[in-house]
Structures are given as structure tokens and as C-alpha cells.
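*Asks:* need a 3D model of the sequence below.
(one chain, ligands or ions: 2)
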Amino acid sequence: MKKGAAAPAPKRGSGLEPLLKRLGLRRREDLLLHLPLRYEDETCITPIAQAPWVGGVQVEGEVLSCEVQLRPRRQLVAVLDDGSGRLILRFLSFYPSQQQALLPGHRVRCLGEVRNGFFGAEMVHPRLRQVRADTPLPEALTPVYPTTAGLAQSALSRIIARALSGPALEEVLAPECLARHRLPTLWQAIRALHGPRPGDSLEALLTRNHPAWRRVKLDELLAQQLSLRQAYLARREVGAPPLTGSGELARQLKARLPFALTSAQERVEAEILADLAQPHPMQRLLQGDVGSGKTLVAALAACQAIASGWQAAFMAPTEILAEQHYLKLKDWLEPLGVSVAWLTGSLKARARREQIEAARQAGLVVGTHALIQEGVDFGRLGLVIIDEQHRFGVQQRLALRQKGGTPHQLMMSATPIPRTLAMSHYADLDVSVLDELPPGRTPIRTRLARDDRRDQVMDYVRRKVGEGRQVYWVCPLIEESEALQLQTALETHAWLQQELAGISIGLVHGRLKAPEKQAVMAAFAAGEVDLLVATTVIEVGVDVPNASLMVIEHAERFGLSQLHQLRGRVGRGLHESVCILLYAEPLSDTAKSRLKIIFEHTDGFEIARQDLQLRGPGEFVGSRQSGVPLLRYADLERDADLVELARELAEDLLAQAPAKAALQRERWLGGREEMLKV
Ligand code: ADP
Ligand code: MG
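*Replies:* Ligands and ions are numbered 1, 2, ... in the order given. Coordinates of the predicted model:
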């Protein structure tokens, strides 16, 4: 287009600027990367008599009449004739310019959907253009942009067209790379998407499989990878104590265990030790399915910190879990001469002062997020271990990082994250995977039972308890009300006590005071309680090998990862384990899919993959999502191959062309990546 002819520049304060800003369009790059939502086909004209009743169509004809009608409400109504038939054009709101274009005798082109109105065929709010008999048809598809109220499509198109008339964007990828992957340059891709050429397939442009789309998506993913990578490198520039102490303590711990490490545990231990020896903080995520033995790996890492003269802190998201870790780690480490301290939030001031004092002296401190609260000050914190890290918010992790300088960090998660999602959302972390369960586990059998078969379930429970096994009975999740959830737990407990006379039944829920919770859990672990009625407080980490039966009430209300975690509480010992999912009808479609998936699969990664398909990535990454630049064009599932490629290219670019890497981040993220530093 001719520069400046049809599209005067939006002047400061011209009224367009705030509208563009609302769309996030501030710089030229933003306009160029504001790509069409879809395309319209204005390349041909259909006679009115043959216009289809579904889908968009373009017609052209002469205006016979045009008037503003006041009933049933004010509207502009025109009649168009093209020789083959007549069409009513209806505008419930309209501009004077439209009225002007629709003067009788004018020739207009209209794009819209034809529908059968009360007075015959009509188009409501067509896109309208006044033409002359010889006005040529566009040869290519017309882009339609995402826009905002008050900013007309035509105005936005003109502004973008002007941005396109400027100089080509600098290319960041090498020509060989583009050739190898059969991709256009970014500039070619952008121009192709803003201005499709005659013959371009609407199909390819819409499904975003066009090479130009793939190039843009790759570019976006590349910027995301670079940004995450940059955050990772920035954190490495901070110093941390190299933990190079002797491996004697860890060796002693291993020697005392009644089992050998799995090869996955050995591999991950080595990965962690290599990190800890570095003079900058480890930032490692340890992923391992429920029961894969993450705690032991963490204990070995703690040994390394302690043997090097530093302290380790071990943080768990719930008090029950923290307590259990405390007991286990004490059992493992105190005989080796390591002092293990315990720190929670639910304590009176004096007891708490004593705890804090003990924590300052201890080799290992175990606790809840009380560890990061005000007033807790470690002497020499060298390593922080965060169990079930997805349960902690960004704020809590940030607070922890600020404690006692920058310790090494080991984050653990049993919520397996599908690979592409992990690569994208955890690209700023190193990842270790425990992909092997300790030997000798008997697989868990999962049973689905409708609520009305409760009697059979009770018989089964009696029989299992008679054989000396222990049982978890999980109360229904009631998301709307904690009080109601508590009430249900109390009622279930009372009811089971009545039904199962002679069986010792415990109850644990979120409202119990810490010492009460501890007493119940200890009694269950010691086998004094046969059946434990519990809310989801036992969801993560709890480990009582003799418990081999779990009943989950209203399983249809739980999410997939929750069910997987809960089920992981059994199947930890030598006895064959069973998980019974009680459900009540009617079931929603999603609930049905969830129950089917959990019934058919025990592998956490597979469950997570299917969960991702069911729910989309948003909920997976939880609070972390907020810190990661969102993707506008790429889709992590569908464009998995591009995620892999972007990751490789990001490494190369950072190593070989840091200036281009910076340009790429700036181009796509333009200063919006601050949040990533967390
Ligand atoms: P998770 O990865 O879910 O946190 P845990 O660390 O709680 O798993 O381990 C589950 C159980 O397996 C614990 O009782 C633990 O002592 C045991 N365990 C860990 N490693 C091994 C191993 N190599 N061989 C046998 N049992 C193991
Ligand atoms: Mg665990």
C-alpha cells in the first residue's frame, strides 16, 4: 500500500492509542505479532438466489431502498438487488457512514450469513463496502484480527498494514536451521499470515498447520524457552556453598537400611551430589511417582549438606506429612549422630521459641511452611528440600529462597507433569526423574462400586481387618464448605463405629490440633487403629505399609491427581492392596472419564497425560502459571515437536548468539518477564 495515503499514523492522544494499548499493542513488533484470528473469503461473489443458508457468503448488488425504521426498535433496513434475487440488510446499530454507503442506487458488497427472516432472506450486520461496477475483487483471503470494542477491523488492519510496510524484522535463526526444518523466515511468515496470497488454503491457515504458522509458534516457544533459561542462568550467578563433604554419612545411612537403593535412586543421588558440589545454588526438581522413594533420596542429599558442615531444611505442605517425615528422618539419622529438629506453626510462643532455638543448632530441620515464617533464622542453611512442591505457592517458595542466603534447592513432586508441559513450565529448573518403583511392590487393584453396594464393601473391610490388614476410609470431598466436610467426616466415623463393632476406628481431619493428629497417625502407624477415617489431609505422602485397603467415598468428586495420590497410600507393603472407589449416580461425563482413567491406569505419568487432555494445562501448574509467559499461538500438546525444537534452539542461541537471544526475548515478551525471577 502507499505509505500514509489511506492510513494516517495514530497520533498521540488520537483516541486509537488507548484502544491499541488495551490489546497490548504498544510497539511495532506488537502489531506485527498481532496475528489474524481467522480469515474471510472475499475473493468471489455469490448470486443472492444461490446464497447458502449456512456459513458466510459475499454478495454484491444495487441498493433499492434504505430507511431507518423505528419499530419494533430503531434500525437501519436496506434492500439489495443483484438481478438474481433480493436481500434485506438489517443493522440494529449503525454509523452514519453505513447509512451513506446504502443510499439507493449505490452498489455495495456485503459479507455475512444469510438467514431466512420474516420478510424473506436477510443479512444482519453484514460487513459492508461501497464499490463500483469495476472494483476488482481481492485475490486473496482477508485476515480478521482480534480487536476490542471501539476499534474497527478496518482501522486495525490499516495500522498493521503500515507496520508491515516498514523494514523487515531481523532474523534470529540461521539459514541452515531454517532450511533443515523447512521453515520460512519470521518476516516471511508474518507477512504470509497478515496477507495471504491467492491460492493459499483457508484450511491450512485456519488449522494453523501452514508453515508460516509453525514458524510463528516456534518463534513464540523459543522466546519462552530463552526467557526461562535466562532466569535459570541469572539464579546461577548467585553464590552458594559447595557441599563437597565426605560421603561417609550417606554410606552409613545406606548401610543401615533394610533394602538397597533402586538404580533410579542411585542415578538421581549422583545428579544431586554433582549439583551440590557447585559454587552456585542447585535448582533441581525431582519427579517421581507416588511411592518411588523420594524421601530417601532427599535424606541422602541432606547427609551431604550436613557432612559438609551445613544445615538442611526439609519442608512439607501439611503437618501430618511433616510429622511423618520428621519421625522417619529422625529414625534414619539420629543413630548416625545427626540432630533432627521439628518446627511447626501450631505452637504456643514459649514452646516455639525453644523449637526455634533447637532448629538453629540442628543438622536437619523438618517442618511445615513455619520454616519460612518470621523469626526463624537458620545458622548455616546449605540445602532446602521442598516436598510436594506444587502444593506451595510462589510466595512461599520466594520467602524460603530469601532465608539464609541462597541455599541449594531440591524440589520434589509426585504429580507427574507431562513431558512437554515440564519442558515448557519447568525449563528454568533441572529435572531428575525417579522412573522406577522399589521392587517387591504388589500392584494395587482398583474396584469401582456403586454406592448401593456398600454392604459388600463392609463385608470386605471386616474380612481384611480380620486378616490383620489396615484400612483407610476417605470421606467425600466437599469443596464448597469445610464445615460440611468436617460434619461428614464425623458422621462417617460414627456410622462406621456402629457398623463395625469390635474394630478400632480412628478419625483424622484438618480441624484437629497438631498433637491430636499426631496421636491418631502414630496409633495407626503402630497398628493400634485398624481403620482410619480421614479427609484429604492424608492425600500426600502418608506412608503406612500395613494399610492395604482404601475406600474412597464419592470418588466422582475428586480430581484425577487427587485420586492417584490417595490411592498411592496403599500398595506400600507386601500385601496385595485394593482401592475401592465408591460412586454415586448420576455421573457427569467428566466424572465418568476420570473414573475410567483411574480404573484403567496406575502409572502416574499416563494418568497425568490423560488429565492434561481432560483439563488443559492451566490447572496443572497452579500458581506457577502466573510466573510463566502465556502462549498465544503455540499449543503444548499439539505442538509438542516444536517445544522440543525450541528448547534445542534456545540452548544454541544462548551459547552462540546471546545478542540475538536478547532480541528474541525482547521482541516477544518486551519487558513482561520480570515475574519469572521467582
Ligand atoms: P514417595 O516417592 O512417594 O515420597 P516414599 O519416599 O514415601 O515415596 O517411599 C515409599 C516407601 O518405599 C517408604 O516406605 C520407603 O521407605 C520405601 N523405599 C524407598 N526406597 C526403597 C527401596 N530402594 N527399596 C525398598 N523400599 C524403598
Ligand atoms: Mg513423599
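*Asks:* ok, the closest residue to L64 other than its chain neighbours - contacts?
*Replies:* In this structure, L64 finds its nearest non-sequential neighbour in V79, 4.5 Å apart by C-beta to C-beta, 6 or more residues apart in numbering. C-betas here are computed from N, CA, C, even on glycine. Counting by C-beta atoms under 8 Å, 6 or more residues apart in numbering, V79 makes contact with 63-66, 86-89.
*Asks:* so where does V79 fall, helix or strand?
*Replies:* Secondary structure assignment for V79, by DSSP states H and E: strand 75-81.
*Asks:* report the distance from that strand to the chain centre.
*Replies:* When distances are taken as C-alpha atoms, centre = their mean, to the nearest Å, strand 75-81 is centred 50 Å away from the chain's centroid.
*Asks:* what does the stretch 351-500 of the chain have sitting close to ligand 1?
*Replies:* Within the stretch 351-500 of the chain, the positions adjacent to ligand 1 are 414, 438 by C-beta under 6 Å from any ligand atom.
*Asks:* let me fix that: the stretch 201-350 of the chain
*Replies:* Counting by C-beta under 6 Å from any ligand atom, the stretch 201-350 of the chain sits next to ligand 1 at 259, 261-262, 265, 288, 290-296.
*Asks:* that older thread, buried subset of the contacts of V79?
*Replies:* Among those, those classed as buried by 16 or more other C-beta atoms under 10 Å are 63, 66, 86-89.
*Asks:* nearest to ligand 1, of those residues?
*Replies:* Nearest to ligand 1 among these is L89, at 66.1 Å by C-beta to the nearest ligand atom.
*Asks:* phi, psi for the closest one please.
*Replies:* phi -110, psi 130 (degrees, to the nearest 10).
*Asks:* V68 now?
*Replies:* V68 adopts backbone torsions of phi -90, psi 120, taken as degrees, to the nearest 10.
*Asks:* ok, Q311 next?
*Replies:* For Q311, the backbone dihedrals (degrees, to the nearest 10) come out as phi -100, psi 160.
*Asks:* in contact with the closest residue to H125 other than its chain neighbours, which residues?
*Replies:* Closest residue in space to H125, ignoring its immediate chain neighbours: F91 at 6.0 Å, by C-beta to C-beta, 6+ apart. Residues counted as contacts of F91 (C-beta under 8 Å, 6+ apart) are 75-77, 98, 124-125.
*Asks:* and those, which two are furthest apart?
*Replies:* Farthest-apart pair in the contacts of F91 is Q98 and V124; separation 13.0 Å (C-beta to C-beta).
*Asks:* more crowded one of these two?
*Replies:* Q98 (19 against 15; other C-beta atoms under 10 Å).
*Asks:* correct me, but the more buried one touches L76?
*Replies:* Yes: contact criterion C-beta atoms under 8 Å: Q98 and L76 qualify, at 6.8 Å.
*Asks:* helices and strands around the helix or strand A608 falls within, which ones?
*Replies:* Here A608 sits within helix 604-615, counting by DSSP H and E. Counting contacts by 3 or more C-beta pairs under 8 Å, 6 or more residues apart in numbering; DSSP states H and E, helix 604-615 packs against helix 560-567, helix 589-600, helix 618-621.
*Asks:* how about a cut-off of 6 Å?
*Replies:* On a contact count with 3 or more C-beta pairs under 6 Å, 6 or more residues apart in numbering; DSSP states H and E, helix 604-615 meets helix 560-567.
*Asks:* per-domain residue ranges of this structure.
*Replies:* By the assignment in automatic domain parsing, the chain contains the domains 17-39+145-207, 44-137, 248-434, 444-601.
*Asks:* mind checking the longest helix of this structure?
*Replies:* Using DSSP state H to define each element, the chain has its longest helix at helix 211-236.
*Asks:* what about it, average pLDDT?
*Replies:* Across helix 211-236, pLDDT averages out at 88.
*Asks:* off-centre distance for that helix?
*Replies:* Distance of helix 211-236 from the chain centroid (C-alpha atoms, centre = their mean) equals 17 Å.
*Asks:* can you give me the buried ones in it?
*Replies:* For helix 211-236, the neighbour count (16+ other C-beta under 10 Å) marks 212-232, 235-236 as buried.
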